[in-house]
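Enquirer: model the structure of this input:
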Amino acid sequence: MTVTLPAAEPRLLLVTGLSGAGKSTVLRVLEDLGWEVVDNLPLSLLEPLIEAPVKPSEAARPIAVGIDSRSRGFKPARLVKRIKELREAGGRDIQTLFLDCAGAELERRFSETRRRHPLAEDRPAADGIAREREMMESLRRWAEHVVDTTNYSSNDLQQEIRQRFADTGDDEPSLTVMSFGFARGLPRNADLVFDMRYLRNPHWDPKLRPGTGLDADVSAYVAADPAYETTVQQIETLLLTLLPRYRAEGKSYVTIAFGCTGGRHRSVHVAERVAGTLRAAGHAPNLLHRNLDSAPQDGLEGKPPPASGGKA
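Expert: Residues are numbered from 1 along each chain as shown. Prediction:
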């Protein structure tokens, strides 16, 4: 029988950030996780919500409150001051999640959905994005959790939120091992990034190019590199040393990213291997392959090794 102990103080998470960065997605995931969710709450109602009487059986249920530039009475500096006061008063564990995103990606999202930016109803979305980013800066600096969704799909963001805010019932940090392609951008929320581009590249073998690091022949090709075993073992040793230290410091989540050029071969294989090693050591990593389904492109991979005749 599993017994879940309630937290010493009920949790309150303020979900905020830039318009279009994914707040609605985050709130839906939190609701699925059992949180009580309220969106676009006027700031004058925040304290009444916190102090409202609840049933004893629901006293420990966490609350997520969505607040952004559209919320009535929204003033970031005043909100930060009020959060400080509520924390000092005690009675609830209050944290802030800020959703960030690059301006160009936000413009693309508003263009695709044909929505107007709430701070630029009669102007280009870029104007509203710039104004909102400046307005939100004090709140971003204050937030305990900052998630940059620039390179996230909706599924990626959902997984990130589940890892951070699902009640695991223990003190282990939520651990993610991911692969990615440098040519498609760095993962903005990674804590540790390892570059696998020193390993020979299966992309330049015509027979292996259509495959991925999940395929046995591709994995064997990568593992046959003379530098592979020694270096990957050293990475695993480092991680097995660091993870208990992260736990002791109270770090709630750790993301370890392995990158290669396209994100389909070398990084995928190494991420799979390292995740297996961590599981064997008693950890429970989530495994994510960000660019596994991306199409192979010679233009992203650069040039083949000059002495290989097209192979490496």
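Enquirer: chain neighbours aside, what residue packs nearest to residue 228?
Expert: residue 199 (6.0 Å; Cβ to Cβ, 6 or more residues apart in numbering). Any C-beta I mention is one placed from the backbone N, CA and C, and that applies to glycine too.
Enquirer: what helix or strand is that neighbour on?
Expert: Under DSSP states H and E, no helix or strand contains residue 199.
Enquirer: wouldn't residue 191 be in contact with residue 243 here?
Expert: No - judged on Cβ atoms under 8 Å, residue 191 makes no contact with residue 243 at a distance of 10.8 Å.
Enquirer: so what sits against both of those two?
Expert: Residues touching both residue 191 and residue 243 by Cβ atoms under 8 Å, 6 or more residues apart in numbering: residue 254.
Enquirer: neighbour count winner among the two?
Expert: Neighbour totals were compared for residue 191 and residue 243, and residue 243 leads with 21 against 16 (other Cβ atoms under 10 Å).
Enquirer: residues near the nearest residue to that one once chain neighbours are set aside, how many?
Expert: The spatially closest residue to residue 243, leaving aside those adjacent along the chain, is residue 283, at 6.4 Å (Cβ to Cβ, 6+ apart). Per other Cβ under 10 Å, the neighbour tally for residue 283 reads 19.
Enquirer: helices and strands around the helix of greatest length in the chain, which ones?
Expert: As assigned by DSSP state H, the longest helix anywhere in the chain is helix 228-248. If contacts are counted by 3 or more Cβ pairs under 8 Å, 6 or more residues apart in numbering; DSSP states H and E, helix 228-248 sits against strand 192-195, strand 253-260, helix 266-280.
Enquirer: where in the protein is pLDDT low?
Expert: Low-confidence segments of the chain (pLDDT under 70): 1-9, 53-60, 90-91, 167-171, 296-312.
Enquirer: how is it carved up into domains?
Expert: Domain assignment of the chain by automatic domain parsing yields the ranges 11-165, 174-301.
Enquirer: quick check: which of those domains is buried the most?
Expert: Mean neighbour count (mean count of other Cβ atoms under 10 Å) peaks for domain 174-301 among the domains of the chain, with a mean of 18.
Enquirer: before we move on, back to that, my guess is the residue nearest to residue 243 is in a strand, correct?
Expert: No - membership of residue 283 in a strand is not supported by DSSP: H, G, I helix; E, B strand; the rest coil, which gives coil.
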